[in-house]
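Undergrad: task: produce atomic coordinates for the following.
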Amino acid sequence: MRALLILLFLPNLLLAQNKPGTFLHIKKSKVEIILDGKLDEAAWQEADVAKDWSLNFPVDTALAPYQTEARVTFNDQFFYVSFVCYDDDSPDLINSLRRDFEYPLNDNVGINLGPYNDGLNGFFFSVTPAGVQREGIVSGGGAGTDAFNSFWDNKWYSKVVRYKDHWITEAAIPWKSFRYKDGLKEWNVLFDRSDKKRNMRSSWIRTPIQFSTGMFAYSGKLIWDDPIPPARPNISVIPYAAGSFSKDAEVEPKQSSSDFQAGFDAKVGITPSLNLDLTFNPDFSQVEVDQQVINLTRFEFQFPERRQFFLENSDLFNRAGLPEARPFFSRRIGLVRAANGLFQKVPIVYGARVSGSVNKDWRVNVMNIQTKEELSLGLPAQNYTVATVLRNFWRQSSFGVTFVNKQSLGVSDGDTLKYFHESIFRKTLDNGALVVEKNVFNRVLDFDLEMLSKDNKWHLSSFFAKSFDSFSTSDNTAAGVFLEYSTRNVYVRFKPTYVGEHFNAEVGFVPSERVYPGQINYHGGVTYKIYPKHKSIVWLGPTATLNQTYIPDGTLTDKNYLQSFTFNFINTAILELSYNYIYQRLTNDFNPVGPYIPFLRDEEYEWHTVSASFDSNTRKIFNFNVQTIYGGFYNGTNFNVNGQLNVRYQPYGNISLLFDYNDIKFAEGYGREKLFLIGPRIDLTITDKIFLTTYLQYNNLLDNMNLNARFQWRYKPASDLFIVYTENYFPEDFISKNRALVFKLTYWLNL
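TA: Below is the predicted model of the structure:
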């Protein structure tokens, strides 16, 4: 804290001089590098030093008081990076020993590599003072909430040694573990450090406070004095074997079953920057269960993708369109929502994907997946093809074309009872007569333009998409523009979008598709930040947003005005106070709390709410975030309290309690309910290779209690043993609905 006060009140501290494009030369090591935290090899002694790091937060006008030095070198097997992180002897802040740690909650240091030198795409590798690793993919230049994907997993090695006044990290990243382009003389590179125990972020290249330190717009240039090693055969096979035992008590007679299956994933390097991924009979039983939500809106909630096969280079698919209309959403493959609102698995037979960079300017991602027939869900065997071709131009801009095709196989006109899913056969009334329409394909063609200014202050994202199927041939387009402008004090955004009445992206995500007969939406907002010279506050300021939605005939259906004021404190705490005005003219019958009198189509409602949210100091052993909202809700009121309580036993474990409580009081006959969602979670990181997570979720809106316990042993790099137990109960008497126990073993083999 003393160092921070010095930073805030002594203006004569010098600014760092490292600007975007600053050079760092890399030379080939002539000696073997041993990961021992000593940096005594000649290659480290002779390497260029990335020094004079600047603060990015809580101020961006000074050198970091605790400096960092980065060095890089390489040989024919590895890319090496080392860090000297100057510090004092105060305890490091390590939230857990789990791989892919949460960046905001841990002291850590890392490198972002842009091996295509396109200013848009690359990889990041980070390490905590406890030696815990985190790696992932950078897309879109590091701009946007989905720009950093830490679910990508790969092999690399690191060693951390702690000294009294500094700690040293050495890391060796195999050339086979990431994609790069032969023959380039320059890469984008940036280094950053999160000094969480002092709530400071710093980076080698000075980055304005309104931007992330991971943005390639604020990166340096890695200059290769010696040639990059040529590509070698790069083939990895990851076989798995899995056994399961399950019992279903919701059917009569009760059923018990056991199963054994095996399959594999494979990665084949076509070129150093272009990869072929294969999967046969994939199994995702080790993937963590979705965090349940109480959804009181008319719109579908979007859960994140966690399955490994869908993640690498997924930005090419995921960034197509805008949130109002995404042409592709990978969770539409292999998962389908059942009548109880929970997602059910649809078995995948195989999948293949070619993805990566053809050269500096062109990127591709082409994927084909085949699913099995699933009669219990009314689905035939289906084939999915998704392809994106993207052309980079200028420094951080691109134009892309995406094509999505879903094809149902072996469906005949007489299969209406066999394949009853609404996407295959649709039943409608025409002058009182029942008409059955068959549709065996759904396709979407999408065009996207992304433009970023050199300094990232201006960002334009726009798209145009058209769908094709047998159900409709008119008004089947969607389009939108998102424009944002960011400076130190002002952040402005504007987003008009249009979704046609018959735009149908069955493999995409269109949250309004069951709510509006098409929509025209206008969203705008402005945030103003004030940076006071105050020992406790980093910034404060107001935000105002406006959101209006119309259906194609010009009728206003939704209006939302939000005004808020935020205080961002130096100790990591955040306080926000808000006022919200909401207007809705319903486009369908709807009641969010159950089988009561519904709110009817064309009825109009307006209400006001006030809210307060507070995130406490996340550096404390006990920390929490809580939000409370009170006000109108359709023809009644709602009092909501939600948040999460966290207790950390550093660094071996975390206990948290997620909660969401709604006290809804509608007019007589429309329902009065107290809705609870409680989710205690115990996350133990016994070592940096052995993890145990136990998660219990109780949701009275779904009338379900779910227990999920997952044990993971990473016995070799990227190779794991999983034991997963899951059970669903009736909450009132704890009688089991169903349960399952799964064992899964994976092994990463480089050929």
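Undergrad: buried residues, stretch 263-279. List them.
TA: Under the neighbour-count criterion of 16 or more other Cβ atoms under 10 Å, stretch 263-279 has 263-269, 271-277, 279 buried. Glycine gets a C-beta too; all of them are placed from N, C-alpha and C.
Undergrad: quick one: average pLDDT of it?
TA: Stretch 263-279 carries an average pLDDT of 88.
Undergrad: so in this protein, where's the weakest helix or strand by average pLDDT?
TA: The least trusted helix or strand in the chain, going by mean pLDDT, DSSP states H and E, turns out to be helix 2-9, with a mean of 43.
Undergrad: name the element Arg71 belongs to?
TA: strand 68-74 (DSSP states H and E).
Undergrad: hmm, I typed the wrong one, I wanted Tyr350.
TA: Tyr350 belongs to strand 348-357, assigned by DSSP H and E.
Undergrad: thinking again about what came up before, next SSE downstream of the least confident helix or strand of the chain?
TA: strand 23-26.
Undergrad: neighbouring strands for that next one, and are they parallel or not?
TA: As defined by DSSP bridges, the strand partners of strand 23-26 come to strand 220-224 (parallel).
Undergrad: which elements pack onto the helix or strand that the strand it pairs with is followed by?
TA: Using DSSP H and E, the helix or strand that follows strand 220-224 towards the C-terminus is strand 235-248. Packed against strand 235-248 by the contact rule (3 or more Cβ pairs under 8 Å, 6 or more residues apart in numbering; DSSP states H and E) you find strand 255-271, strand 736-746, strand 749-750.
Undergrad: can you give me how far strand 235-248 is from the chain middle?
TA: Relative to its parent chain, strand 235-248 has a centroid offset of 25 Å by Cα atoms, centre = their mean, to the nearest Å.
Undergrad: now do stretch 418-438
TA: 37 Å.
Undergrad: gap between the two ends of it?
TA: 13 Å (Cα to Cα, to the nearest Å).
Undergrad: check which residues of stretch 533-546 are buried.
TA: For stretch 533-546, the neighbour count (16+ other Cβ under 10 Å) marks Ile537, Val538, Trp539, Leu540, Gly541, Thr543, Thr545 as buried.
Undergrad: and if you look at stretch 493-504?
TA: Those buried within stretch 493-504 under the rule 16+ other Cβ under 10 Å are Arg493, Lys495, Pro496, Thr497, Tyr498, Val499, Gly500, Glu501, His502, Phe503, Asn504.
Undergrad: just the closest of the buried residues of stretch 533-546 to Tyr747, please.
TA: The nearest member of the buried residues of stretch 533-546 to Tyr747, counting by Cβ to Cβ, is Val538 at 46.8 Å.
Undergrad: ramachandran angles for that closest one?
TA: phi -80, psi -60 (degrees, to the nearest 10).
Undergrad: quick check: chain neighbours aside, which residue is closest to Glu102?
TA: Asn95 (6.4 Å; Cβ to Cβ, 6 or more residues apart in numbering).
Undergrad: same question but for Leu449, I mixed them up
TA: Nearest non-adjacent residue to Leu449 (Cβ to Cβ, 6+ apart): Ser462, at 4.9 Å.
Undergrad: give the burial count for that neighbour, as a bare number.
TA: Other residues near Ser462 come to 18 when the count uses other Cβ atoms under 10 Å.
Undergrad: separation between the residue nearest the centre of the chain and Thr371?
TA: What sits nearest the mean C-alpha location of the chain, by Cα atoms, centre = their mean, is Asp146, with 5.3 Å. Counting by Cβ to Cβ, to the nearest Å, the separation of Asp146 from Thr371 is 25 Å.
Undergrad: isn't there a helix covering Trp44?
TA: Yes. According to DSSP: H, G, I helix; E, B strand; the rest coil, Trp44 belongs to a helix.
Undergrad: next up, the contacts around it.
TA: Ile33, Arg71, Thr73, Ser82 (Cβ atoms under 8 Å, 6 or more residues apart in numbering).
Undergrad: wait, what's in contact with the third one?
TA: Under the criterion of Cβ under 8 Å, 6+ apart, the contact list for Thr73 reads Ile26, Lys27, Lys28, Ser29, Ile33, Ala43, Trp44, Ala47, Tyr80.
Undergrad: which members of those are classed as buried?
TA: So, by 16+ other Cβ under 10 Å, the buried ones in the contacts of Thr73 are Ile26, Lys27, Ser29, Ile33, Ala43, Trp44, Ala47, Tyr80.
Undergrad: ok, those residues vs Lys19, which is closest?
TA: Ile26 (19.4 Å).
Undergrad: distance check, the nearest residue to Tyr66 once chain neighbours are set aside against Pro65.
TA: Excluding the flanking residues, the one nearest Tyr66 by Cβ to Cβ, 6+ apart is Tyr86, at 5.1 Å. Distance of Tyr86 to Pro65, given as Cβ to Cβ: 9 Å.
Undergrad: my read: Val81 touches Val127, true?
TA: No. Val81 is beyond contact range of Val127, at 9.5 Å (criterion: Cβ atoms under 8 Å).
Undergrad: pull up the overlap in contacts between the two.
TA: Ala171.
Undergrad: pLDDT score for Ala231?
TA: Taking Ala231 on its own, its pLDDT is 72.
Undergrad: got phi/psi on the closest residue to it other than its chain neighbours?
TA: Leaving aside its chain neighbours, Ala231 sits nearest to Pro272 (4.0 Å; criterion: Cβ to Cβ, 6+ apart). Here is the backbone geometry of Pro272 (degrees, to the nearest 10): phi -60, psi -20.
Undergrad: so which elements touch whichever helix or strand comes after the strand holding Tyr350?
TA: Using DSSP H and E, the next helix or strand after strand 348-357 towards the C-terminus is strand 362-371. Applying 3+ Cβ pairs under 8 Å, 6+ apart, one finds that strand 362-371 contacts helix 315-318, strand 348-357, strand 382-393.
Undergrad: can we see that at 10 Å?
TA: Packing contacts for strand 362-371, counted by 3 or more Cβ pairs under 10 Å, 6 or more residues apart in numbering; DSSP states H and E, involve strand 274-280, helix 315-318, strand 348-357, strand 382-393, strand 397-408.
Undergrad: pLDDT of stretch 478-492, averaged?
TA: Mean pLDDT, stretch 478-492: 96.
Undergrad: that stretch: how far from the chain's middle?
TA: Mean-position distance between stretch 478-492 and its chain equals 21 Å (Cα atoms, centre = their mean).
Undergrad: report the contact partners of Ser472.
TA: By Cβ atoms under 10 Å, 6 or more residues apart in numbering, the residues touching Ser472 are Glu437, Asn439, Gly500, Glu501, His502, Phe503, Asn504.
Undergrad: what's the most distant pair in these?
TA: Glu437 and Gly500, at 18.6 Å, using Cβ to Cβ across those.
Undergrad: how far away is Val526 from Asn489?
TA: As judged by Cβ to Cβ, Val526 and Asn489 stand 11 Å apart.
Undergrad: any residues in contact with both of those two?
TA: By Cβ under 10 Å, 6+ apart, no residue touches both Val526 and Asn489.
Undergrad: which residues sit in contact with Tyr605?
TA: Ile582, Tyr583, Gln584, Arg585, Leu586, Phe599, Gly632, Phe633, Tyr634, Asn635, Gly636.
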